[in-house]
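*Asks:* Next one to model:
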Amino acid sequence: MSRLLSDLGINKKLQDALNDLKITVATDIQEQVIPIILNQKEDVVALAKTGTGKTAAFGLPLLQVVDLENQQVQSLILSPTRELAQQIYTNLKSFATHLPEVSIVLISGGSPIKTQIEALKTTTHIIVATPGRFLDLLEKKAIDVSALKHLVLDEADEMFQALKDDLMPILAAVPKNRRTFLFSATMPGELKEIVHNYMSKKTVSVQSNMATMGHEGIVHQYLVVEPIEKLDVLLHFLNAQEGGRGIIFCKTKAAVNKLAKNLAMRKIASGALHGSLTQGIRDRIMEQFREGYIDILVATDLVARGIDVKELAYVVNYHLPDTHEAYVHRSGRTGRAGSKGLSMTIIQQEEVAEIADFEKALGIKFTPVSKANAADLEWNNTLVWAKKVFKTKPNRALPEAVKQQVKTIFHHLTKEELIEKVLANYLIEHKS
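*Replies:* Numbers count the residues shown, from 1 in each chain. Coordinates of the predicted model:
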């Protein structure tokens, strides 16, 4: 039975903030990690997927142990993406609403560096940062980490895979006597090496029910298609998810752009997310997604790490990921906080053998799903076309005389007759 957060040693001011947020019960990872950070001196390696409450697991105790008499940076939290850093920063600020004297600064790309340098000139207790921008400011001597007591590496597997060149100088620069708290959904060999070389020999290891938690409530399916029908099969799947919200993962930025363009041409409300977009564009797309103006994101793996949106019905692997770890992170976007989710993978025949590898490595079971037949795909495309017509805005530039002539041609038809003729015309054109 889960314990209350108030039983884990969290102080009154933090409890008041949690009550405001209607958060009372600790998740498994919070129950394990919070007492260690508060009451012990060891480093921590925690295996936990996104969505299990990791931010509160390290954020609450770090806020509690801030020494207000010390004006130097005491805690550094590193995350692989701007989106995830922003999310952590926002969560910490919400936890600290009754601790206004605690100063938290966000350091990431996409925002003016001069503004961040100015912010660091005032008292800063906790920094939330992406490695690249933090290293940039460190090299400019705009940050003093000589008194750093705590280092958090969130989504560590992804950071060391994609951002190792930025991370290694940071690890070398921070004090050797700091405590390190490493959070990761997976533990690849390279990360084990980092733990061995840069963390205490007395590191405490915890895991959040990793045998089931990473995939609990998620149904894993795959569809085998011919390359030429991949888009049509995806459209059929999306039509069946009417009203549901999800993320479609592609392997490259070019593939994201191409697929997003194909969806836009069919008036399917979606947004593209990848690393080459400016932070302003990425923020705007994420805001539209969170507010429900768009229901589908098309994204690359790294950028999607910062996406923490509740009630995602599905994720689609439009391209099979390169690593087992990437699949864990992709599928982990859905089925969060105890809800059900679907992870659908669309593959070609030569990729079927790789499914068994994923099953064995991750301890999950994929269910093969039969693709829709050619007739169903054709009828689905008709529905996609009809929705596109429905969402098309009227052309106000069309001369009134032309509109009247068209109305005269159609005026004797009933609505049903007009729909029948337009449909027949559509089918003739798309069969020719």
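
*Asks:* And the chain, what are its domain boundaries?
*Replies:* 5-207, 218-374, 393-432 (automatic domain parsing).

*Asks:* quick one: terminal-to-terminal distance for the first one?
*Replies:* Its start and end residues considered, domain 5-207 measures 18 Å (Cα to Cα, to the nearest Å).

*Asks:* where in the stretch 301-432 of the chain is pLDDT low?
*Replies:* Along the stretch 301-432 of the chain, the model assigns pLDDT under 70 to residues 302-310, 336-339, 372-381, 384, 430-432.

*Asks:* Show me the strands in it, by range?
*Replies:* 314-317, 341-347, 366-368 (DSSP state E, counting those that start in this stretch).

*Asks:* and the ones you listed, which is most packed in?
*Replies:* Of the strands of the stretch 301-432 of the chain, the one with the most neighbours on average (mean count of other Cβ atoms under 10 Å) is strand 314-317, at a mean of 24. Placement of C-beta: from N, CA and C, glycine included.

*Asks:* Which strands or helices does it pack on?
*Replies:* Packing partners of strand 314-317 (3 or more Cβ pairs under 8 Å, 6 or more residues apart in numbering; DSSP states H and E): strand 246-249, helix 324-331, strand 341-347.

*Asks:* Quick one: closest of these to residue 134.
*Replies:* helix 324-331 (22.0 Å; Cβ to Cβ).

*Asks:* Using PDB, write out every CA atom in the closest one.
*Replies:* As requested, the backbone C-alpha atoms of helix 324-331 are provided in PDB (Å, rounded to 0.1, in the frame of the first residue of the first chain):
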ATOM      1  CA  HIS A 324      15.400  -1.100 -27.100                       C
ATOM      2  CA  GLU A 325      15.800   1.800 -24.700                       C
ATOM      3  CA  ALA A 326      14.200   4.200 -27.300                       C
ATOM      4  CA  TYR A 327      11.200   1.900 -27.500                       C
ATOM      5  CA  VAL A 328      10.700   2.100 -23.700                       C
ATOM      6  CA  HIS A 329      10.700   5.900 -23.900                       C
ATOM      7  CA  ARG A 330       8.400   6.000 -26.900                       C
ATOM      8  CA  SER A 331       5.800   3.600 -25.500                       C
END
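
*Asks:* in it, what counts as buried?
*Replies:* Going by neighbour count (16 or more other Cβ atoms under 10 Å), the buried part of helix 324-331 is 325, 326, 327, 328, 329, 330, 331.

*Asks:* Burial check on the nearest residue to the fifth one once chain neighbours are set aside, number of neighbours?
*Replies:* Think residue 329. Once flanking residues are discounted, residue 329 sits nearest to residue 185: 6.0 Å by Cβ to Cβ, 6 or more residues apart in numbering. Around residue 185 there are 23 other residues, counting by other Cβ atoms under 10 Å.

*Asks:* separation between residue 185 and residue 393?
*Replies:* 43 Å (Cβ to Cβ, to the nearest Å).

*Asks:* closest to residue 139 out of the strands of the stretch 301-432 of the chain?
*Replies:* When the strands of the stretch 301-432 of the chain are compared (using Cβ to Cβ), the closest one is strand 314-317, at 37.4 Å.

*Asks:* Just checking: what are the partner strands of that closest one?
*Replies:* strand 246-249 (parallel), strand 341-347 (parallel) (DSSP bridges).

*Asks:* Export those to JSON lines and append columns for distance to residue 357.
*Replies:* Shown next, in JSON lines, are these (distance: least, Cβ to Cβ, whole Å):
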{"stretch": "strand 246-249", "distance to residue 357": "18"}
{"stretch": "strand 341-347", "distance to residue 357": "12"}
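
*Asks:* So which of the ones you listed is nearest residue 22?
*Replies:* Closest among these, using Cβ to Cβ: strand 341-347, at 22.9 Å.

*Asks:* now what about the closest one, what contacts it?
*Replies:* Residues outside strand 341-347 that contact it (Cβ atoms under 8 Å, 6 or more residues apart in numbering): 217-225, 230, 233-234, 237, 312-318, 320, 330-331, 334-335, 354-355, 366, 369.

*Asks:* give me that answer again for 6 Å
*Replies:* Contact with strand 341-347 is made by 218-225, 314-318, 320, 331, 334-335, as judged by Cβ atoms under 6 Å, 6 or more residues apart in numbering.
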